[in-house]
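In: Predicted model and sequence follow; I will ask about them next.
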Protein chains: 2
Amino acid sequence: MIKEDLNTFIKLANKLVDAENHTPVVEPISPKGVTQKLNLELSSEGISEEEFYQLLEDVMLNTPRTATNRFFNQLFGGRKGKATLGDLLAVMLNTSMYTYKVAGPMVGIEKAVISQTAELIGYEANQAGGTIAPGGSMSNYMAMVMARDKVDKDSKNHGIGVKMLVYTSADCHYSIAKNSALIGVGRNQVRFIPTDQHGRMLVEELEKQINIDVNNGHLPFFVNATAGTTVLGAFDPIEEMSSICKKHNLWLHVDGAYCGSVIFSEAYKHLVNGAHLADSFSLNAHKMLGTPLTCSLILSKEKSHLYDSFSNEAEYLYQTDEDDFNLGKTSLQCGRRNDALKFWALWKSIGTRGLEALIDQQFLLADFARDYIKKNQDYTLYSFNDSISICFNYKEIPPQKLCTLLYEKAELMVGFGQFKGQEFIRLVTINSNNTEKEILEFFRVLEDFVAANRGELQIPAGATKA
Amino acid sequence: MIKEDLNTFIKLANKLVDAENHTPVVEPISPKGVTQKLNLELSSEGISEEEFYQLLEDVMLNTPRTATNRFFNQLFGGRKGKATLGDLLAVMLNTSMYTYKVAGPMVGIEKAVISQTAELIGYEANQAGGTIAPGGSMSNYMAMVMARDKVDKDSKNHGIGVKMLVYTSADCHYSIAKNSALIGVGRNQVRFIPTDQHGRMLVEELEKQINIDVNNGHLPFFVNATAGTTVLGAFDPIEEMSSICKKHNLWLHVDGAYCGSVIFSEAYKHLVNGAHLADSFSLNAHKMLGTPLTCSLILSKEKSHLYDSFSNEAEYLYQTDEDDFNLGKTSLQCGRRNDALKFWALWKSIGTRGLEALIDQQFLLADFARDYIKKNQDYTLYSFNDSISICFNYKEIPPQKLCTLLYEKAELMVGFGQFKGQEFIRLVTINSNNTEKEILEFFRVLEDFVAANRGELQIPAGATKA
């Protein structure tokens, strides 16, 4: 039975790959049209094998294609064969990661991934710890809980009793505020520190705010440095932030969900200089490193904080082996999917040097895209070097309108963003399978599309940005 | 490239299935021996394709086999072909579930799964909402956050300011206490209500405790009813608990991670009578329904609570379509793996009646196992009807010793548990691929093993329990 399903899978998967090559963007169905076009409804009786496979194929072929060379819409994209292979095997093996007894060598695999990443950050191998969280928001979440429990040892038992403050840049990911609500600290306790013209936290503003809060009798406890802000891809100055945190005894976390993976590159790791000084560091291997979703690593400089905040005794669960091999003692969840194998498979097969090449390729493509924009007067560039988010507008067309039409007409998947009130298209060169050819193709498609849709985009004939 | 990796996958997957049939329990490697036996270390350079595939095969074949007929160690087991096929496709499609723009029909699929489940619980379709959390602990977590934010509307903004109390049975899952710490309420605020001799919460004790706490000026806010306790598989009396909750205006959650899926069975849904009265309800499709890990549904009787606690504005993310189709507005995470497709694929292919058959088979096997134990004087039974956890001892052998030796000698994967101070083996008949034959085989293997290992188990010759 399972072997027939495996055969079906391989047929469908090959069909998908062919479809992706042939038609990189699918014609979108309207949300309300989905149930008319596809028979998604669940009912009392099943359907025949034949109907089922046909339906599955239809669903698959109508799903937006995130692995193609026209997908620039999110902070992930592309597909790495070895990582995919690893994740497919993870589905078959169906390992829950909590104990050595049931996870076996997968424990060794997760530990290898964690310890090698800790080493690249610059953490002491025998002190540091880490785990894999279900996404970057939850990695940030775990960091915040560890920080909370460190500054107020009573809070995990007695609940939060004091006003605790969080510091992050105005351009950080939304999970910092959301997590503040979730952990019982409250959204209003987040101080959004202003950023410079490149989207980096203004360190002097951070220090000023901390001093004000301390003087007012509040309890600062957590500072978040973003390595790759969501819109601009900017890097906060970790080293300088660390000095302030040390002075005030604050937990420093690096949210590297988007671009923390620069630690793999000799050429770009300087963007997170001082990472080893941070108390915790997260990165999403499903972003720059191209593994399937999700693979978010959260590292703690001192492993003991993971135990302090996340361990639980459970005799029914922990029945053999030491804590150090029962990964449930330091994870957020209880039952937990194997998100380590995909990353390990990729890393093992191409080595750290291979991962470095993926990172470098993304920056190379970003430079190439920025050059293209700078050389063409129809474009306005809004972003900066050392970022794989390239923010621009074309012929002053409202970016939301352009991105939405490109999506509706199945030409390109690309999104828009905003920085200091300016809205623009955000091209993310995160798919390292791409080459300069695909980036040129991106611009060509965009330009041809605008030329062909002047009416709908309401562009006067011959208009340029000037 | 990806096509070669797909070919490799199919070869490995078929090899795994053959190995599972041939050798259902792998010889365990000691935690420290893993890195000697398998070259898991990550280094600067990659390895050749040939070495890589060999290593991946070795890793795969040394990983504990959770899908076989000798795996009774956790609250999951077995493999459903259609669900596996769905999850393998989810890896290939690599959909992040936050927006309709990038998830397309997968939004419809998740909505179908959620709304049909809500209907089975007995919730009003147009009022109820739900999402898929990364595991049962996190489903409970989301319920607790919604309850907290409902009773104290200020807490998400201002932080927790009052002492809030949680009620759950002494035999509940550990996540209730862990989550109390995580959400800022504190572990000490959890009241563990005693259970009856079958492991069910004593409702009169619940009411007594609530009255004491209210009289002391505390703020009760959350009551957890477990549908399938971790060890005994007991069901708390939801209907009676609901009356108390209504009287005191408390949020009632049903933690059905283990056995909430009885809602799919006409014969067993009475075990969660009153489920429609609860404010929230969770179930793990990766447990009784056999999908790959993880697929944990959290349903809320009123969708608005999901928005209140988990939504976030994010212009860079939500760029097209209404809130109702942008699932990130009601999920815990931001980027989120597609855990819906596997469940939908199984459900669609066999229908609700097919899912019912899976549930009924598990109870049938449990009855069969209990009968076997009752009829054999070498066994002592510690558990009760209407549960798929069969707790017993054999010849008064210390269960920890027996389970560990069965594992070390690669005979059976089964764990032990404790209830009111009594320790026992816990056989879980959750793999609905099994038949009475496999259950008989379980006992035969156990008995032969004991006979062959009297020395190591230190059993005097001829000993029976009497």
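Out: Received it, and whenever you're ready, just let me know what you need.
In: Every contact and neighbour count from this point should use C-alpha atoms.
Out: Will do.
In: so what's the backbone phi/psi at A:L250?
Out: phi -110, psi 150 (degrees, to the nearest 10).
In: Could you check how far it is from chain B?
Out: The gap separating A:L250 from chain B is 19 Å, by CA to the nearest CA, to the nearest Å.
In: can you pull the contacts of that residue?
Out: Residues in contact with A:L250 (CA atoms under 8 Å, 6 or more residues apart in numbering or on different chains) are A:P220, A:F221, A:F222, A:V223.
In: repeat that for 6 Å
Out: Contact analysis of A:L250 by CA atoms under 6 Å, 6 or more residues apart in numbering or on different chains lists A:F221, A:F222.
In: Please identify the helix or strand for the spatially closest residue to A:F264 that is not a sequence neighbour.
Out: Spatial nearest neighbour of A:F264, excluding adjacent residues (CA to CA, 6 or more residues apart in numbering or on different chains): A:E356 at 5.0 Å. Applying DSSP states H and E as the criterion places A:E356 in helix A:341-374.
In: Repeat that for A:G417.
Out: Here A:G417, judged by DSSP H and E, is contained in strand A:413-419.
In: Packing partners of that strand?
Out: strand A:71-72, strand A:422-428 (3 or more CA pairs under 6 Å, 6 or more residues apart in numbering or on different chains; DSSP states H and E).
In: 8 Å instead, please
Out: Packing partners of strand A:413-419 (3 or more CA pairs under 8 Å, 6 or more residues apart in numbering or on different chains; DSSP states H and E): strand A:71-72, helix A:399-408, strand A:422-428.
In: Let's have these in TSV, adding mean neighbour count, distance to chain B and mean pLDDT.
Out: Formatted as TSV, these follow (neighbours: other CA atoms under 10 Å in any protein chain shown; distance: least, CA to the nearest CA, whole Å; pLDDT from 0 to 100):
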stretch	mean neighbour count	distance to chain B	mean pLDDT
strand A:71-72	26	10	98
helix A:399-408	19	7	97
strand A:422-428	23	9	98
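In: could those go into CSV alongside distance to A:N126?
Out: Listed next are these as CSV, based on distance: least, CA to CA, whole Å:
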stretch, distance to A:N126
strand A:71-72, 39
helix A:399-408, 48
strand A:422-428, 37
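In: do you know how far the residue of the stretch 201-350 of chain A found nearest chain B is from A:K80?
Out: Nearest residue of the stretch 201-350 of chain A to chain B, counting by CA to the nearest CA: A:I350, 3.9 Å away. The spacing between A:I350 and A:K80, counted by CA to CA, to the nearest Å, is 11 Å.
In: Would you map the strands across the stretch 151-300 of chain A?
Out: A:164-169, A:190-193, A:219-226, A:251-256, A:280-284, A:296-300 (DSSP state E, counting those that start in this stretch).
In: Where do the domain boundaries of chain A fall?
Out: Following automatic domain parsing, one finds the domains of chain A at A:2-65, A:94-345.
In: near chain B, which residues of the stretch 301-450 of chain A show up?
Out: Contact residues (CA under 8 Å from any CA of the partner chain) of the stretch 301-450 of chain A with chain B: A:310, A:312, A:314-317, A:319-321, A:325, A:333-337, A:344-345, A:347-354, A:400, A:404, A:415-418.
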